[in-house]
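Visitor: Pasted the sequence and its predicted model underneath.
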Amino acid sequence: MKALHFGAGNIGRGFIGALLSRAGYEVCFVDVVSELVDEINRRQEYTVEIADAGNEQIHVSGVRAINGQDANAVVAEMLDANLVTTAVGPNVLKLIAPTIAKGLAERVNKNVQPLNIIACENAIGGSSMLKEYVYQHLSEADQRKVDELVGFPNAAVDRIVPLQKHEDKLRVAVEPFFEWVVERANMVGEVPPIEGVDYVPNLEPYIERKLYTVNTGHATAAYLGYYFGYKAIAAALRDEFIQNTTKQALMETSHLLTTKYHFSSEQQERYIEKIMNRFSNPYLSDVVTRIGRSPIRKLGPNDRLVGPAVQLLNLGVTPEHLCIGIAAAFQFNYEYDEEAVQIQKDIKEKGLAETIALYTGIGSDSPLFSLIMEKVKMLNALRADRSKYMK
Ligand SMILES: NC(=O)c1ccc[n+]([C@@H]2O[C@H](COP(=O)([O-])OP(=O)(O)OC[C@H]3O[C@@H](n4cnc5c(N)ncnc54)[C@H](O)[C@@H]3O)[C@@H](O)[C@H]2O)c1
Ligand SMILES: O=P(O)(O)OC[C@@H](O)[C@@H](O)[C@H](O)[C@H](O)CO
């Protein structure tokens, strides 16, 4: 059994690749960083380190890699792959789609074995998104064959894997917790038995719970952390205002999730408590600039901050604390993040009001709009006040 996995980064090696290898798959990574591809091929193994008191070292072996820029190599690997997965980042899905389409067009005319393609990204409907991009590169005849033979089940993946540097370039330290939930409905053929994967009939409750709790909390704490000058998420969360705002934002999303889905308030409370502890794992150091990366994506209408805020407003609830997180995201002026630079440029050129509308889709007639503007002022005043005491 062969799994072709796009993205040999933190989640690729530290989570998806490791689980697939343990389940008996020969894992072939696809990445565009040549040094990484070469190192994987030279060693054909790597170590996943569990960041807790036990510090277990998991040996992942029998892996190899190809360069994603070599479309022919990717197509050749797709012909007999039993599973395709991705962890490249939601914005990269459209970039890998043409090659996946090329591989599928050739495969469905040669191999009638069903194939599932699972995007393991932090996004609602990641695999559906990938499918849409892939279909843009397929003829109608090939689309019909792909409809029959290829499934794009959506997934939710959860495991905190910070940016890291080790002398051993393939080693990756991960938190002990992980969750990988895959939508059964859109799968073709037999469900692959992978220990650690939960198959569910409908993914929506699980992806919303994950994105609107883990990632909402993470983003709120990270943007506020950055705003108030913290580097590490754990340090940011020791700040009473940030901790309290994050918890309150999660109370808001809990209200949404328990109203929409079968999760009880008690379950959500336990889930939140666990997550807050995971954010501050003393065995891992995670920086606010990683967690806040790609703020345009994170401020999108369905993503972790605006998505629940808009839905709550529709339920008649005012999401005060989510709006503090959104306000802080517009202040994320981290110079090494292209999206952060773009937002700051837009604020300068178009003004804050237009920029908010542009990225969040929240119109100036929405009560959320004025709330966000009000929270920007509140944060400015709070920071100015704090800096007085620092002098
Ligand atoms: N790190 C986490 O804690 C975490 C947890 C859950 C989900 N995720 C999600 O997993 C995805 C990957 O995140 P990550 O933290 O592993 O990022 P990462 O940057 O460590 O890994 C991404 C990898 O994709 C590779 N890549 C980029 N363009 C490519 C292309 N065109 N073809 C093939 N490979 C390409 C990069 O070289 C890199 O190795 C994101 O969607 C993220 O939201 C991350
Ligand atoms: O990966 P992003 O950029 O969508 O979000 C940053 C972090 O919140 C994220 O990577 C978490 O660590 C992860 O989602 C935990 O499962």
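Guide: Received the coordinates, thanks. Ligands and ions are numbered 1, 2, ... in the order given.
Visitor: With adjacent residues omitted, what lies nearest to whichever residue of the stretch 1-150 of the chain sits closest to ligand 2?
Guide: Nearest residue of the stretch 1-150 of the chain to ligand 2, counting by Cβ to the nearest ligand atom: N122, 3.4 Å away. C-betas here are computed from N, CA, C, even on glycine. The shortest distance from N122 to any non-neighbouring residue, by Cβ to Cβ, 6 or more residues apart in numbering, is to N215 (6.0 Å).
Visitor: Run a quick check on that neighbour versus P308, I expect a contact.
Guide: No - look at N215 against P308 with Cβ atoms under 8 Å: they stay out of range, at 10.3 Å.
Visitor: Between those two, which is the more surrounded one?
Guide: P308 (27 against 22; other Cβ atoms under 10 Å).
Visitor: which residues does that one contact?
Guide: By Cβ atoms under 8 Å, 6 or more residues apart in numbering, the contact list for P308 reads Y212, T216, E252, T253, L256, P319, L322.
Visitor: next one: phi and psi at A173?
Guide: The phi/psi pair for A173 (degrees, to the nearest 10) reads phi -100, psi 130.
Visitor: Please tell me the pLDDT value assigned to the residue nearest to the spatial centre of the chain.
Guide: The residue lying closest to the centre of the chain (Cα atoms, centre = their mean) is N122, at 2.3 Å. N122 is assigned a predicted lDDT (pLDDT) of 97.
Visitor: Tell me which residues touch it, please.
Guide: Counting by Cβ under 8 Å, 6+ apart, N122 has contacts P90, V157, L211, N215.
Visitor: Look up how far T86 lies from it.
Guide: As judged by Cβ to Cβ, to the nearest Å, N122 and T86 stand 12 Å apart.
Visitor: and L36, what does it touch?
Guide: A8, A65, K169, L170.
Visitor: Next secondary structure after the strand or helix carrying it?
Guide: Per DSSP states H and E, L36 falls inside helix 34-43. Using DSSP H and E, the helix or strand that follows helix 34-43 in sequence is strand 45-50.
Visitor: pull the CA atoms of that next one into CSV?
Guide: What follows is strand 45-50 as a C-alpha-only set of coordinates in CSV (Å, rounded to 0.1, in the frame of the first residue of the first chain):
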residue,chain,number,x,y,z
GLU,A,45,13.7,7.5,8.1
TYR,A,46,13.2,10.1,10.7
THR,A,47,12.3,10.6,14.3
VAL,A,48,9.1,12.1,15.8
GLU,A,49,9.7,13.3,19.3
ILE,A,50,6.7,13.4,21.7
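Visitor: Quickly list what the closest residue to E77 other than its chain neighbours is bridged to.
Guide: Residue nearest to E77 in three dimensions, not counting chain neighbours: L4, with 5.2 Å by Cβ to Cβ, 6+ apart. Beta bridges link L4 to C28, V84, judged by DSSP bridges.
Visitor: which pair in the contacts of P308 spans the largest distance?
Guide: Greatest spacing in these, by Cβ to Cβ: Y212 and P319 (11.1 Å).
Visitor: Would you tell me which residues of this structure are close to ligand 1?
Guide: Contact residues, the chain versus ligand 1 (Cβ under 6 Å from any ligand atom): 6-12, 30-33, 68, 87-90, 92, 95-96, 121-122, 157-161.
Visitor: So which of those are in strands?
Guide: Counting by DSSP state E, these place F6, V30, D31, V157, D158 in strands.
Visitor: Hmm, I324 is touching L224, no?
Guide: Yes - in terms of Cβ under 8 Å, I324 counts as a neighbour of L224; the distance is 7.2 Å.
Visitor: So which bits of the stretch 51-200 of the chain are right by ligand 2?
Guide: Residues of the stretch 51-200 of the chain found near ligand 2 (Cβ under 6 Å from any ligand atom) are N122, D158, R159, I160.
Visitor: Report the contact partners of the residue in the stretch 151-300 of the chain that ligand 1 sits nearest to.
Guide: For the stretch 151-300 of the chain and ligand 1, the shortest gap (Cβ to the nearest ligand atom) falls at V161, measuring 3.9 Å. V161 makes contact with N10, I11, G14, F15, V172, A173, V174, E175 under the criterion Cβ under 8 Å, 6+ apart.
Visitor: Now with 7 Å, please.
Guide: By Cβ atoms under 7 Å, 6 or more residues apart in numbering, the contact list for V161 reads N10, I11, G14, F15, V172, V174.
Visitor: hang on, the last one packs against V48?
Guide: Yes - counting by Cβ atoms under 7 Å, V174 touches V48, with 6.0 Å between them.
Visitor: overlap in contacts of these two?
Guide: Taking Cβ under 7 Å, 6+ apart as the criterion, V174 and V48 both touch G14.
Visitor: Give me the nearest residue to whatever residue of the stretch 1-150 of the chain ends up closest to ligand 1, chain neighbours excluded.
Guide: Residue nearest to ligand 1 within the stretch 1-150 of the chain: G9 (1.8 Å; Cβ to the nearest ligand atom). Distances taken as Cβ to Cβ, 6+ apart put A87 closest to G9, at 6.7 Å, once the chain neighbours are dropped.
Visitor: Please report how far that neighbour lies from R297.
Guide: 15 Å.
Visitor: These two - which one has more neighbours?
Guide: Each of A87 and R297 has its neighbours counted (other Cβ under 10 Å); A87 has more, 27 against 16.
Visitor: what's the neighbour count on the nearest residue in space to G89 that is not next to it in sequence?
Guide: In space, and not counting its chain neighbours, G89 is closest to E121: 6.5 Å by Cβ to Cβ, 6+ apart. Neighbour count of E121, defined by other Cβ under 10 Å: 25.
Visitor: Verify the stated contact: E121 with P90.
Guide: Yes - counting by Cβ under 7 Å, P90 is a contact partner of E121 at 4.7 Å.
Visitor: isn't there a strand covering I58?
Guide: Yes - under DSSP: H, G, I helix; E, B strand; the rest coil, I58 sits within a strand.
Visitor: So it sits against V48, correct?
Guide: Yes - I58 is within contact range of V48, at 4.2 Å (criterion: Cβ under 7 Å).
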